[in-house]
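> 3D model of this:
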Amino acid sequence: MTPPPPPPIQEVSDDDVLCGRGGATNNHVGNRRFRQLVTSHQPTYLVARKREKKVIAREIVKIVRERGGRFLKKNDQVGGSVWVDVGDDRAVEKTSQTLREGLDVRASKNLGNLDAAAAAAA
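Next comes the predicted model:
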């Protein structure tokens, strides 16, 4: 038997993380807080093993939820500004994706800084 769909959410709080693309979601207070939280975990994520990476993503989702936040997506099937909670599995996927964003660039810059420091020391 399929579980019932999550109830629609009319009001979004500053603790919520909005899933989707565009300026409205990027500039939402909850999304900015979420990105700060993710950024604080990225150094650990960068050196973590695959299984540990999932644990880090779950921990971030847990922190957001404990602060009263939800991971919401707009429900296009219902008119107006109606949102639904995407659930923990999708929230962990979004968090993992956000943790990966920009890591290659950061790692390259850090390696470049190490190379420059080594060259200066020589």
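> which residue packs closest to the residue nearest the centre of the chain, ignoring adjacent ones?
Geometric centre of the chain, nearest residue: residue 95, 3.3 Å, by Cα atoms, centre = their mean. With sequence-adjacent residues excluded and distances taken as Cβ to Cβ, 6 or more residues apart in numbering, residue 95 is closest to residue 57, at 4.2 Å. Yep, even glycine has a C-beta here, placed from its N, CA and C like the rest.
> again with residue 10
residue 82 (6.6 Å).
> phi, psi of that neighbour?
Main-chain dihedrals, residue 82, degrees, to the nearest 10: phi -110, psi 130.
> Low-confidence ranges, this structure, go.
Flagging of the chain using pLDDT under 70 yields the residue ranges 1-2, 5-6, 78-80, 104-122.
> Helices along this protein, start to end?
23-26, 29-47, 50-66, 87-100, 103-121 (DSSP state H).
> How many residues are close by residue 25?
When neighbours are counted by other Cβ atoms under 10 Å, residue 25 registers 16.
> Can you name the residues that contact it?
Residue 25 makes contact with 18, 19, 31 under the criterion Cβ atoms under 8 Å, 6 or more residues apart in numbering.
> 7 Å - rerun?
Listed by Cβ atoms under 7 Å, 6 or more residues apart in numbering, the contact partners of residue 25 are 18, 31.
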